[in-house]
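Q: I would like to see how this sequence folds:
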Amino acid sequence: MSQPLQLDLTTLRLFVAVCETRNFVHAAQRQHLVGSAVSKRMAALEAQVNTPLFVRQRHGVAPTPAGETFLEYARGMLAEAQKAEQAMAAYASGVRGQVRLLATASVMSESLADDIVEFMRLPAHAGIKVDVEERFSPDVARGVREGHATLGITWDTVDLQGLKTTVYRTDHLGMVVPAGHPLSRLRKVDFAQTLAWEQVSLPSTSAVQVLLERAAAQSGHSFQSRAMVSNFEAGLRMARSGLAICVVPLEIFRTSQSTAPLKWIGLKDEWATRKFLLCHRQRDQLSAAAQLLVEHLQASSASTA
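A: Below is the predicted model of the structure:
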């Protein structure tokens, strides 16, 4: 019965370097060794696997078919070792724990879930748990300020006094109407023009509904609510039924499965472009896990800017 291979990472790295450079001396330079040391290590490896891994040539070496096969496994083993190293480094540096984040419904529906999944899939974050809870915009800021959550993402119109903030994302509110609606021929519209029709409303405590009611009052009109729903997806279903029109962010409209046959019309009003902020207390008060999540969300925001 053959003995199992006893392979170390240094030998695997040297083997890969030799295959890539086709030269013992060049591989040794890459690994900060002398050529003779690499040559001896490769000879010992060939003896251990009992198979020639290289063809010696006049100006270097080339992997044999067996060497090409072993190269594939060596790269895989080094990649897995790197993953383990990263995961253990996270534990060694104390980067583990739980981060609680509060966010508005809009952010939850648009990009946040994907950004957090991407964060948690990184091997270095294997020991970090992220809990996300949906709140209305004012409650997000209040929850972070009072210490009920570490991080928050909310609309920049709320009171964020005493908190550190950075821009996370921007979205664009628009009116969604059924195909054939009198407004459907337009590309952009003033919100005041839409008040002639019944609309789907959100809960009265939601930041968007407060904004719409205020905008209607400032235009001298009243907001005619045909039905109230708890989120934008439900509003889209209402609009698709022809019951009423509704305000929905373009970013949600684009990704929704229930938009046919509907049309999104941009609102000309300045307030229709919304900026969402990531907020937290002083940076030095954040755990290592929370700081990593802040950095990841900031990077995600920068990549889509």
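
Q: Could you check how far stretch 171-183 is from the centre of its chain?
A: Centroid separation for stretch 171-183 versus its chain: 29 Å, with CA atoms, centre = their mean, to the nearest Å.

Q: got the contact list for that stretch?
A: 106, 110, 184, 189, 191, 193-194, 197, 208, 235-236, 239-240, 242, 245-253, 259, 261-267, 271-274, 276 (CB atoms under 8 Å, 6 or more residues apart in numbering). Placement of C-beta: from N, CA and C, glycine included.

Q: Buried among those? Make that a ChimeraX selection.
A: In ChimeraX, a selection of the buried entries from the contacts of stretch 171-183 looks like this (16 or more other CB atoms under 10 Å):
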select :106,110,184,189,191,193,194,208,235,236,239,240,245,246,247,248,249,250,251,252,253,259,262,263,264,265,266,267,272,274,276
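
Q: The contacts of stretch 171-183 in helices, which ones?
A: Counted as lying in helices by DSSP state H, out of the contacts of stretch 171-183, are 106, 191, 193-194, 208, 235-236, 239-240, 250-253.

Q: Looking at these, which one is closest to residue 216?
A: residue 191 (7.6 Å; CB to CB).

Q: Spit out the contact partners of the closest one.
A: By CB under 8 Å, 6+ apart, the neighbours of residue 191 are 175, 212, 215, 216, 219, 267, 268, 269, 272.

Q: so what are the domain limits for this protein?
A: Domain assignment for the chain by automatic domain parsing gives 9-92, 97-168+275-304, 170-272.

Q: From the contact counts, what lies against the lengthiest helix in the chain?
A: When the chain is scanned for its longest helix (criterion: DSSP H), the result is helix 65-92. The contact analysis (3 or more CB pairs under 8 Å, 6 or more residues apart in numbering; DSSP states H and E) places helix 65-92 against helix 9-21.

Q: now the helix or strand just after the helix it packs on: mean pLDDT?
A: Downstream of helix 9-21, the first helix or strand assigned by DSSP states H and E is helix 24-30. Across helix 24-30, pLDDT averages out at 91.

Q: Moving C-terminal from helix 24-30, which element do we reach first?
A: Assigned by DSSP H and E, the successor of helix 24-30 is helix 35-49.

Q: which strands and helices sit next to that following helix?
A: helix 9-21, helix 24-30.

Q: now that helix: how far from the chain's centre is it?
A: Centroid displacement of helix 35-49 relative to its chain, using CA atoms, centre = their mean, is 45 Å.

Q: Name the residue most distant from the centre of this protein?
A: residue 58 (51.3 Å; CA atoms, centre = their mean).

Q: Give me the phi and psi for that one.
A: phi -60, psi -40 (degrees, to the nearest 10).

Q: And the one 5 residues further on, by the same measure?
A: Backbone dihedrals for residue 63, given as degrees, to the nearest 10, come out at phi -70, psi 140.

Q: Next up, the contacts around it.
A: 19, 53, 54, 55, 70, 71.

Q: do that again at 7 Å, thanks
A: 19, 53, 54, 71 (CB atoms under 7 Å, 6 or more residues apart in numbering).

Q: follow-up on the earlier one: let me know the next secondary structure element after the longest helix of the chain.
A: Reading on from helix 65-92 to the C-terminus, the next helix or strand found by DSSP H and E is strand 97-103.

Q: Each with direction, which strands does that next one pair with?
A: Here strand 97-103 is paired, per DSSP bridges, with strand 128-134 (parallel), strand 151-155 (parallel).
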